[in-house]
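Student: model the following, please.
(2 chains)
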Amino acid sequence: MALNLGLLAISGTQTANHPIALVDYLVASLRLSVPIALAALGGLWSERSGVINIGLEGMLLSGAFAGAIGALFTNNVWVGMVCAIAAGGLIGLLHAYLCVTLRVNQLVSGLAINLLAVGLTSFFVRLLFKEGTTPRLPDVPIIGIPILQNIPIVGSLLFHQDVIFYSLLLLIILSTYILFFTGHGLAIRAVGEYPKAADASGINVAWVRYISVAASGCLAGLGGAYLTLGHVKFFTENISAGKGFIALAALIFGRWHPVKTVLACLLFGAGDALQLRIQALDIDIPYQFLTMLPYCIALMALIGLAGKSAPPAALGIPYMKESSGR
Amino acid sequence: MKTNQVSNAFLPFLAPMLAIVAALIVGAFLIALTGVNPLHAYTILFRESLANYYGIGNTLTKMAPLLLTASGVLVGLRAGQLNIGGEGQIHMGGLGAALVGLYVHGLPMWIHIPLALIGGFLLGAIWGGIAGYLKAFRGVNEVITTLLLNYIALNIISYLVQRPMIEPGAASPFTPIISDSAKLPILMPGGLAHAGIFIGLIATMVLGWLFRRSPLGYQIEVVGQNPTAARYAGMSVSRTIMFVMALAGGLAGLAGAGEVMGLKHRLFETISPGYGYEAVAIALLSRGSFTGVIFTSLFFGALRSGANVLQREAGIPFTIVYAIQGLTVLFIAISLAVESNLLHRVSLRMNRLKPAGVKL
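Tutor: Reported below is the predicted structural model:
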């Protein structure tokens, strides 16, 4: 499985000379970072509003599945992407309902979502396709931006990509802007830091959390669409393979800031690409050490940042209005 | 008031029971999608897991690792720790048992088996203990560390069975077969069930006793419910948390040891098909009760054991069982929350009934 992805990520460059190999490596790193980055941005929205989201993994997986199925049955990648975003958003709403309305333990809710996503997607993919893997999916068109795409290295990295990649760039900017430079963002952060005060100042805590968690799901769903439609071109059981958890680690590593979080995702993506490359080039390093590298980095990051990296103060705490029942 | 006592004993399980029923109903709709009569499918599932010789053996085989791992998760929950690292701990436990089973020779069975079990327990405990240490002394959230440690453990095992520990000339990456003296006895001739289920039942009962009767169990409980109070009472919260996580890891390690010593007789990459995650669901379902863990593990073990037959006989993808499990966990979460919200509302009403001027 990992090997398959490796070959896909590298797309035949063994004989290439160094500069091209480098560009290819960077392209592979970027491609592996995109789903993690979208999921991590999703996590950011949810956690900034005070709701822990370990369900990112399940949202990513559902998005990947819905995207693949939608695109396959309509033969239209745009429909696929919309399906992916919708599936992620619906699961986000479910998470919000469980965490905000029912006040389920947020970790338990996330866990339930992950198990449910694995269960349902692996059931339906086998129901629809006997082998548990979809046929090849339609392509997401690559759009080259005139002139800019001709810049060496940077051109092919940033300006010769598909729509999902460009939307990621846009979403990073948008997330930073909304969260830190608008009233809505202030409301979200207030709800995540000190819901009581936010409530007192007239913000509807539950509503803000619903919106944020649903947005979180949409973003992770789009990440899933990139995984299947943009990158590997098929869906297979459990294709997200822990990327949602890596996204969560990136979020902590990036201290709940969009730009830093995405940079952390790039680091993880680059580690993953390195691992796949070494595996495919048959260099005599046990690939397992490289596969576990991103997880080790994440763990070290957590240890190093513990105490220094402050999560939103109300993260994980259900909010209950103090009006003692009408 | 005998009847009252009985209903009180069952009351905590009412919500989980309803959740299981709800999951089975939704599962029935999913089965109907495959064109098979759900009743027929559930009949097969029941018959092949709980009502025939091989089925029962199969169910006990699946139940053993679930029971041990879930008991570990439950111990963690009692201390307020959510251990999602069962998967990694099981694999490390399998490694511990395999090391003793493969490289220690010439021991009689009555020494070799316990030694291999201890090996499994120890490695599992170390794996759980790392997360425990990080939580207790460095303040790192155990949910994320145990998750990450899972992936690290799986890669370590993958490396070991592909390189240093591989059987010479093996067709796929696995170790040689462990010594006969380290194999757990088979319970039912011709079947798969091995003594691991006894280890699970004994461990669960000992834990149940520990929490009901011993000061240690009480201490864990207090740490879980009110760390501040525990600190005032002179208990070391950090050490308790680390101990609990190591114990949880050790129990999962025993589960892995059982898989290697009782079922597979060698170590390979996926000795656990997700038992670690399922165990979390089982522990949550059991509402803090070790007796509950036994029955819930039986239910989940039966689902797994019936799944393959379901695919073979009715052509339903065996992954239906994962879907039903996911639904079960979802409905459990909902039912428990609804229940506690109801209780909260009731207690609010009680408070309002108190005379004015009483300080709450």
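Student: low-confidence ranges, the stretch 1-150 of chain B, go.
Tutor: B:1-10 (pLDDT under 70).
Student: can you rerun that using 80?
Tutor: Scanning the stretch 1-150 of chain B with the threshold set as pLDDT under 80 gives B:1-13.
Student: tell me the residues of it that contact chain A?
Tutor: Within the stretch 1-150 of chain B, the positions near chain A by CB under 8 Å from any CB of the partner chain are B:30, B:33-34, B:82, B:84, B:134, B:138-141, B:143-145, B:147-149. No exception for glycine: its C-beta is placed from N, CA and C like everyone else's.
Student: how about a cut-off of 7 Å?
Tutor: Neighbours of chain A within the stretch 1-150 of chain B, by CB under 7 Å from any CB of the partner chain: B:30, B:33-34, B:82, B:134, B:138-140, B:143-145, B:147-148.
Student: do a quick rundown of the helices in the stretch 201-326 of chain A.
Tutor: A:205-225, A:243-253, A:258-280, A:287-291, A:293-305 (DSSP state H, counting those that start in this stretch).
Student: can you add distance to A:Gly192 and neighbour count and give the residues of the stretch 1-150 of chain B next to chain A back as CSV?
Tutor: What follows is the residues of the stretch 1-150 of chain B next to chain A, written out as CSV (distance: CB to CB, whole Å; neighbours: other CB atoms under 10 Å in any protein chain shown):
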residue, distance to A:Gly192, neighbour count
B:Leu30, 37, 21
B:Leu33, 40, 13
B:Thr34, 43, 17
B:Leu82, 21, 20
B:Leu134, 24, 23
B:Arg138, 24, 14
B:Gly139, 20, 12
B:Val140, 20, 21
B:Val143, 19, 23
B:Ile144, 18, 22
B:Thr145, 23, 26
B:Leu147, 22, 27
B:Leu148, 24, 29
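Student: which pLDDT value belongs to the closest residue to A:Gly58 other than its chain neighbours?
Tutor: Nearest residue to A:Gly58, sequence neighbours excluded (CB to CB, 6 or more residues apart in numbering or on different chains): A:Ala117, at 3.3 Å. A:Ala117 carries a pLDDT value of 95.
Student: A:Ala117: what secondary structure?
Tutor: helix (DSSP: H, G, I helix; E, B strand; the rest coil).
Student: over to B:Arg231?
Tutor: Under three-state DSSP, B:Arg231 comes out as helix.
Student: which ones are touching it?
Tutor: Shown in contact with B:Arg231 (CB atoms under 7 Å, 6 or more residues apart in numbering or on different chains): B:Val237.
Student: next, work out how far apart it and B:Met92 are.
Tutor: 32 Å (CB to CB, to the nearest Å).
Student: helix or strand next in line after the strand or helix carrying B:Gly200, which one?
Tutor: Using DSSP states H and E, B:Gly200 sits within helix B:196-213. Under the assignment DSSP H and E, the closest C-terminal helix or strand after helix B:196-213 is helix B:215-225.
Student: list of residues touching that following helix?
Tutor: B:78-80, B:210-211, B:229-230, B:233, B:235, B:237, B:240-241, B:244.
Student: redo that, cut-off 10 Å
Tutor: B:75-81, B:207-212, B:214, B:229-233, B:235-241, B:243-244, B:247, B:288 (CB atoms under 10 Å, 6 or more residues apart in numbering or on different chains).
Student: just the buried residues of these.
Tutor: By neighbour count, with 16 or more other CB atoms under 10 Å in any protein chain shown, these hold B:75-81, B:207-208, B:210-211, B:230, B:235, B:237-238, B:240-241, B:243-244, B:247 as buried.
Student: where does the stretch 101-250 of chain A have low pLDDT?
Tutor: In the stretch 101-250 of chain A, residues with pLDDT under 80: A:153, A:156.
Student: please, where are all the strands along chain A?
Tutor: Using DSSP state E, the strands of chain A run over A:142-144, A:160-162.
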